[in-house]
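A.B. asks: Predicted coordinates and the sequence they were generated for:
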Amino acid sequence: MMRLYKYVKLKAAVSILETQSVRLSNPSSFNDPFDCSYVFSEEDKKEVDKLLDGFAYFLLYKEIVKQSQGDSQRFPKTYIDKLKAFLDKYIDHLKQIPYFSTTHQMECEAICLLKFNPNLIRLIEENKRKLYTYIKDFFQKFQDNLLITCFSKRNDSTLMWSHYADSHKGVCLEYEISDDKVFLEVNYSTTKPIIFLSEVISHILALIILEKKIDPDTLLTSPFSKMINYLFTKEKDWGYEEEVRFICSDKANNKIHKDNEGYFLYEIGLPTKIYLGCNSVSTESIYEIANKFQIPVIKTIKSDKNYRIIPEGTEDFDLGVNLFHHESKVEEILSQMKDCLNKGLYFPAFLCSLLIPEICSNVTETNSDKKTKYVNWVDDFLNKAGKAKRNFYSDLTGEMIWKLREQIYLNGIMDGYLNTTTQGDIKIKLIASECADFNYFCARKEKDYLVLNVLSFCDQIDMVASSLVSKNKQNLS
């Protein structure tokens, strides 16, 4: 799963929520004049010219064979038979490997023909001109049909809130995207990407010979996908956006449709969270739709401590932790945790959440104070989560979470950890004699277990850990 964010104005957010679709745009309308620009490889240009020469020869040979089928034969029959055999053999080769190339035999035949029939050079040049026009139109149609919608991997960019969300009066929508969808990260560079067209043109020429339909939309798929890296490359100054793009064409996806104003839309579904800008007002329509679909709405605020935009009530979640380059590990665990939650596997999700404090508290296997660091971090987390979310379970302690982790991961004790409802509640049962906090809880509540809502616990863990990852990435950059 990939968590992505889309910054939009308030009116656009209402439309997105109502249609469950996001607007697609052609790169020609983007705010970056260099977006989707590229340069050609000089060596590749030579290869393309060679391909077009060879294809012009091939067309000439076909025309000669075709004309020689009539009464007037300009060439000896033995030569025509030889030429036809060569064409048939080469076409059979293309059926197996659909990539055209200029062979030595093609060049030799052309030299011989032009030596005895210099007038044929005009036919060759005409074929090349037509082919150049066809290739140019083909790629222009591909460029014109391109549709892109942009997301970010972060929801706390002051600049993006300003640029795309109406100076913080708009909305940032959070989506959980499955990995099988075509969402690719943008690369940032100081130089324009170099594209190589020879392989693509080689395939196009083969399809022309085989008389197969050629659709520019296929450039978005293999074997052409590596050619389109320029669609995912931007100038380095835009790196703060951490952009992820969805790219398609107006015909390549059954989830694409037009709205009443003629804009193309992509049916993305509902967001998992809605963040309101710190300057947002008149948000009743957002809350109305969010309540209808049970989407959490989170108000953002300006941090009192630094230049950061944070979710309201999470100022205290700044636990001051340096992850020491373990950001990717935290993201991996969070992804697994959310995947389990989406599948209703609450206990495995909870097990994932127990690993987060171990990383975020800077615990390593060699730490002599491993337990102390883990317990202190969880106590701090529980205390601040309780302030931010009033219904967060108040009976948990760092000691209990540590003991639970120890029982499960070290001792393999699984008894008593059962899903009790479809809402994500699990029953926690510890060995009371080994955990004073749990022993006290049992005596006070007259129970030998406590029930914890995994959805709530994991949501708070996710919020804290994601914030730490984002902050550490900014510090590293």
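C.D. replies: In hand now; what should we look at? Residues are numbered from 1 along each chain as shown.

A.B. asks: Number of residues surrounding Tyr188?
C.D. replies: For Tyr188, the neighbour count with other Cβ atoms under 10 Å is 16. All C-beta spots, glycine's among them, are computed from the backbone N, C-alpha and C.

A.B. asks: whoops, Ser285 was the one
C.D. replies: Ser285, neighbours per other Cβ under 10 Å, totals 14.

A.B. asks: How about it: what's its closest non-neighbour residue?
C.D. replies: Val14 (5.1 Å; Cβ to Cβ, 6 or more residues apart in numbering).

A.B. asks: Local confidence estimate at the one you found?
C.D. replies: Looking at Val14, its pLDDT reads 95.

A.B. asks: Can you check the pLDDT for the residue positioned nearest the centre of the chain?
C.D. replies: For the chain, Phe183 is the residue whose C-alpha lies nearest the centre (Cα atoms, centre = their mean; 2.7 Å). On pLDDT, Phe183 comes in at 83.

A.B. asks: what about the stretch 201-350 of the chain, any weak spots by pLDDT?
C.D. replies: 215-226, 250-255, 262, 313-325 (pLDDT under 70).

A.B. asks: Would you map the helices across it?
C.D. replies: 284-293, 327-342, 346-353 (DSSP state H, counting those that start in this stretch).

A.B. asks: Deepest-packed of the ones you listed, please.
C.D. replies: Comparing those by mean neighbour count (mean count of other Cβ atoms under 10 Å), helix 346-353 ranks first with a mean of 21.

A.B. asks: Compute the inter-axis angle for that helix and helix 327-342.
C.D. replies: 170 degrees (axes from the mean of the first three to the mean of the last three Cα atoms, to 10 degrees).

A.B. asks: now helix 346-353, how far from the chain's geometric center?
C.D. replies: 25 Å (Cα atoms, centre = their mean, to the nearest Å).

A.B. asks: And for stretch 453-470?
C.D. replies: Distance, centroid of stretch 453-470 to centroid of chain: 22 Å (Cα atoms, centre = their mean).

A.B. asks: What residues of it count as buried?
C.D. replies: Counting neighbours by 16 or more other Cβ atoms under 10 Å, one finds that the buried residues in stretch 453-470 are 453-454, 456-470.

A.B. asks: Could the C-alpha coordinates of it be exported in PDB?
C.D. replies: Output of stretch 453-470 as PDB, limited to C-alpha atoms (Å, rounded to 0.1, in the frame of the first residue of the first chain):
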ATOM      1  CA  ASN A 453      -9.300  -1.300  20.100                       C
ATOM      2  CA  VAL A 454      -6.600  -2.000  17.600                       C
ATOM      3  CA  LEU A 455      -8.000   0.400  15.000                       C
ATOM      4  CA  SER A 456      -7.600   3.300  17.500                       C
ATOM      5  CA  PHE A 457      -4.200   2.200  18.800                       C
ATOM      6  CA  CYS A 458      -2.700   1.600  15.300                       C
ATOM      7  CA  ASP A 459      -4.100   4.900  14.000                       C
ATOM      8  CA  GLN A 460      -2.300   6.800  16.700                       C
ATOM      9  CA  ILE A 461       0.900   4.800  16.200                       C
ATOM     10  CA  ASP A 462       0.600   5.500  12.500                       C
ATOM     11  CA  MET A 463       0.100   9.200  13.000                       C
ATOM     12  CA  VAL A 464       3.100   9.500  15.300                       C
ATOM     13  CA  ALA A 465       5.500   7.300  13.300                       C
ATOM     14  CA  SER A 466       4.600   8.900  10.000                       C
ATOM     15  CA  SER A 467       5.200  12.300  11.500                       C
ATOM     16  CA  LEU A 468       8.600  11.200  12.800                       C
ATOM     17  CA  VAL A 469       9.500   9.800   9.400                       C
ATOM     18  CA  SER A 470       8.500  13.000   7.600                       C
END
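
A.B. asks: show me where pLDDT drops low in the stretch 1-150 of the chain?
C.D. replies: 1, 69-74, 115-116, 118.

A.B. asks: Show me the strands in it, by range?
C.D. replies: Using DSSP state E, counting those that start in this stretch, the strands of the stretch 1-150 of the chain run over residues 2-8, 21-23, 39-40, 146-152.

A.B. asks: out of those strands, nearest to Tyr175?
C.D. replies: Closest approach to Tyr175 among the strands of the stretch 1-150 of the chain is made by strand 2-8 (5.1 Å; Cβ to Cβ).

A.B. asks: which outside residues touch the closest one?
C.D. replies: 16, 22, 149-155, 157, 160-161, 163-165, 170-179, 183, 244, 271, 275, 335, 338, 466 (Cβ atoms under 8 Å, 6 or more residues apart in numbering).

A.B. asks: Narrow these to those in strands?
C.D. replies: 22, 149-152, 171-177, 183, 244, 275 (DSSP state E).

A.B. asks: wait, which of those residues is closest to Tyr99?
C.D. replies: Phe183 (29.4 Å).

A.B. asks: Can you give me the separation between that closest one and Val39?
C.D. replies: Distance, Phe183 to Val39, by Cβ to Cβ, to the nearest Å: 26 Å.

A.B. asks: Just put the strands of the stretch 1-150 of the chain in TSV and tack on distance to Arg129 and mean neighbour count.
C.D. replies: Output for the strands of the stretch 1-150 of the chain, formatted as TSV (distance: least, Cβ to Cβ, whole Å; neighbours: other Cβ atoms under 10 Å):
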stretch	distance to Arg129	mean neighbour count
strand 2-8	45	21
strand 21-23	40	20
strand 39-40	19	12
strand 146-152	27	21
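
A.B. asks: now those strands as CSV including distance to Asp32?
C.D. replies: Listed next are the strands of the stretch 1-150 of the chain as CSV, based on distance: least, Cβ to Cβ, whole Å:
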stretch, distance to Asp32
strand 2-8, 16
strand 21-23, 17
strand 39-40, 17
strand 146-152, 11
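
A.B. asks: mind checking which of these is nearest Glu47?
C.D. replies: strand 39-40 (10.8 Å).

A.B. asks: looking at the strands of the stretch 1-150 of the chain, which is closest to Pro357?
C.D. replies: strand 2-8 (20.4 Å).

A.B. asks: Direction-wise, compare the closest one with helix 327-342 and give the angle.
C.D. replies: Angle of strand 2-8 versus helix 327-342, following the same axes, to 10 degrees, is 90 degrees.

A.B. asks: now strand 2-8, how far from the centre of its chain.
C.D. replies: Worked out by Cα atoms, centre = their mean, strand 2-8 lies 10 Å from the chain centre.
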